[in-house]
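*Asks:* Sequence first, predicted coordinates after that:
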Amino acid sequence: MSNPIKNRYDFVVYFDVENGNPNGDPDAGNMPRIDPETGYGIVTDVCLKRKVRNYVETVKEDDPGFDIYVKDGSILNVNDARAFEALGIDAKDIKKLKKDDPELDEKIRDFMCATFYDVRTFGAVMTTFVKNSLNCGQVRGPVQLTFARSVDPIIPQEITITRVAKTTEERAEASNTEMGHKYVVPYALYRGEGYVSANLARKSTGFSEDDLALLWDAIVNMFEHDHSAARGKMAVRALVVFKHDSELGNAPSYKLFDAVSTQKKAGVEAPRSIDDYEEITVDEGAVPEGVTVLRMV
């Protein structure tokens with residue numbers, strides 16, 4: 001395992017969307033996710049982790065140690081089997097091997113963490129190992145993200161679209177155009193929060209300083225290589241990182257998160273750009289000793 005990070009981190013990220021759908025809900029016709037009681041928009045942690053994974057896969061490609069465990073088209077059991085193959089393990093002999101080698105779980109876990117960046121970062125549930133009664137089947141990652149929530153309530157719009165090309169000859173004879181629908185958010189600024197545990201990095205996955213630098217780079221650029229007609233114009237507007245001077249931290253996360261804020265400018269009823277918000281600020285007077293504020297964006 002690599003040399004793990006030695007400092008705890010907490011962070012706040014702001015990103016916005018313009019005329020796009022940042023995270024559709026398949027149970028609601030792919031409408032942008034929304035809290036029905038308050039009207040605030042939601043982007044899930046899973047969605048944000050997907051962006052990070054995609055970015056790492058794009059910039060690292062086939063670099064050793066930066067494979068992605070959970071990706072499109074990936075077969076998880078095949079990924080799990082790589083550990084058995086690398087360590088010369090036959091699944092039929094697991095019980096005997098565990099008895100002969102008490103460190104077998106750690107060896108398998110270390111291989112998976114060393115091979116897959118997202119296992120090293122977010123952890124994973126690896127069913128092949130779980131089914132074989134191996135404790136390494138569930139790895140808790142040092143990096144965790146919250147759901148992102150819009151700073152203000154949103155009102156998704158359903159847009160009617162048309163298509164002149166037809167799928168079949170029968171449809172071509174029936175009409176000149178076909179009608180469809182898509183949902184967009186005219187504009188919304190979202191805020192998400194996250195945690196990086198040096199304690200879990202040391203005890204479990206070996207998440208290193210190089211991994212951390214790649215994580216910040218991935219968060220800052222997670223929408224740059226993810227443009228599509230559905231997501232519209234999206235960009236990270238701020239990334240505020242709190243670095244603790246110790247492994248376990250020097251202040252509760254919520255106190256640090258409360259120090260970061262923005263709001264609509266006076267007179268703005270319906271924000272339509274980042275310029276409709278005040279500057280995203282950090283009340284450094286509320287940040288206790290032992291915590292350093294880093295502005296990545």
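*Replies:* On my side now, so go ahead. Numbering: from 1, shown residues only.
*Asks:* what residue is smack in the middle of this protein?
*Replies:* For the chain, residue 49 is the residue whose C-alpha lies nearest the centre (C-alpha atoms, centre = their mean; 1.8 Å).
*Asks:* Name the SS class of that residue, please.
*Replies:* On the three-state scheme (DSSP: H, G, I helix; E, B strand; the rest coil), residue 49 is labelled helix.
*Asks:* Which residues are in contact with it?
*Replies:* Shown in contact with residue 49 (C-beta atoms under 8 Å, 6 or more residues apart in numbering): 118, 122, 145. Any C-beta I mention is one placed from the backbone N, CA and C, and that applies to glycine too.
*Asks:* Tell me which other helices or strands the helix or strand hosting residue 120 touches.
*Replies:* Residue 120 belongs to helix 117-122 when assigned by DSSP states H and E. Applying 3 or more C-beta pairs under 8 Å, 6 or more residues apart in numbering; DSSP states H and E, we find helix 117-122 packed against helix 45-60, helix 104-115, strand 143-145, helix 209-220.
*Asks:* mind exporting that helix as PDB, just the C-alpha atoms?
*Replies:* C-alpha atoms of helix 117-122 as PDB (Å, rounded to 0.1, in the frame of the first residue of the first chain):
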ATOM      1  CA  TYR A 117      -8.600   4.300  -7.800                       C
ATOM      2  CA  ASP A 118     -12.300   4.400  -6.900                       C
ATOM      3  CA  VAL A 119     -11.900   1.500  -4.400                       C
ATOM      4  CA  ARG A 120      -9.000   3.300  -2.800                       C
ATOM      5  CA  THR A 121     -11.000   6.600  -2.700                       C
ATOM      6  CA  PHE A 122     -14.700   5.700  -2.200                       C
END
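*Asks:* Going by mean pLDDT, which of the helices and strands packed on helix 117-122 comes out lowest?
*Replies:* The stretch with the lowest mean pLDDT among the helices and strands packed on helix 117-122 is helix 104-115, at a mean of 93.
*Asks:* and it, what other elements does it pack with?
*Replies:* Counting by 3+ C-beta pairs under 8 Å, 6+ apart, helix 104-115 packs on helix 76-87, helix 94-100, helix 117-122, strand 138-140.
*Asks:* Let me know which of those is tucked in deepest.
*Replies:* helix 117-122 (a mean of 25; mean count of other C-beta atoms under 10 Å).
*Asks:* So for that helix, mean pLDDT?
*Replies:* 97.
*Asks:* One more: stretch 262-271?
*Replies:* On average, stretch 262-271 scores 96.
*Asks:* Kindly report the same for stretch 150-167.
*Replies:* On average, stretch 150-167 scores 88.
*Asks:* Check stretch 28-42 too.
*Replies:* 95.
*Asks:* Equivalent analysis for stretch 128-139, please.
*Replies:* 84.
*Asks:* Can you check the distance spanned by that stretch, start to finish?
*Replies:* For stretch 128-139, the separation between the terminal residues is 13 Å (C-alpha to C-alpha, to the nearest Å).
*Asks:* Over to stretch 130-138?
*Replies:* End-to-end distance (C-alpha to C-alpha), stretch 130-138: 7 Å.
*Asks:* That stretch: how far from the chain's middle?
*Replies:* 25 Å (C-alpha atoms, centre = their mean, to the nearest Å).
*Asks:* quick one: furthest residue from the center of the chain?
*Replies:* Computed with C-alpha atoms, centre = their mean, the most peripheral residue in the chain is residue 173, at 46.0 Å.
*Asks:* element containing that one, please.
*Replies:* helix 169-174.
*Asks:* any idea how far residue 113 is from residue 247?
*Replies:* For residue 247, the distance to residue 113 (C-beta to C-beta, to the nearest Å) stands at 18 Å.
*Asks:* neighbour count winner among those two?
*Replies:* More crowded of residue 247 and residue 113, by other C-beta atoms under 10 Å: residue 113, with 25 against 15.
*Asks:* Give me the distance between residue 271 and residue 190.
*Replies:* 12 Å.
*Asks:* Reformat the helices and strands packed on helix 104-115 as JSON lines; add distance to residue 162.
*Replies:* JSON lines is the format used below for the helices and strands packed on helix 104-115 (distance: least, C-beta to C-beta, whole Å):
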{"stretch": "helix 76-87", "distance to residue 162": "40"}
{"stretch": "helix 94-100", "distance to residue 162": "58"}
{"stretch": "helix 117-122", "distance to residue 162": "40"}
{"stretch": "strand 138-140", "distance to residue 162": "48"}
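*Asks:* wait, which of the ones you listed is closest to residue 204?
*Replies:* Of all the helices and strands packed on helix 104-115, it is strand 138-140 that lies closest to residue 204, at 6.1 Å by C-beta to C-beta.
*Asks:* List of residues touching the closest one?
*Replies:* Defining contact as C-beta under 8 Å, 6+ apart, one finds that strand 138-140 is touched by 109, 112, 113, 119, 123, 124, 125, 126, 130, 200, 204, 205.
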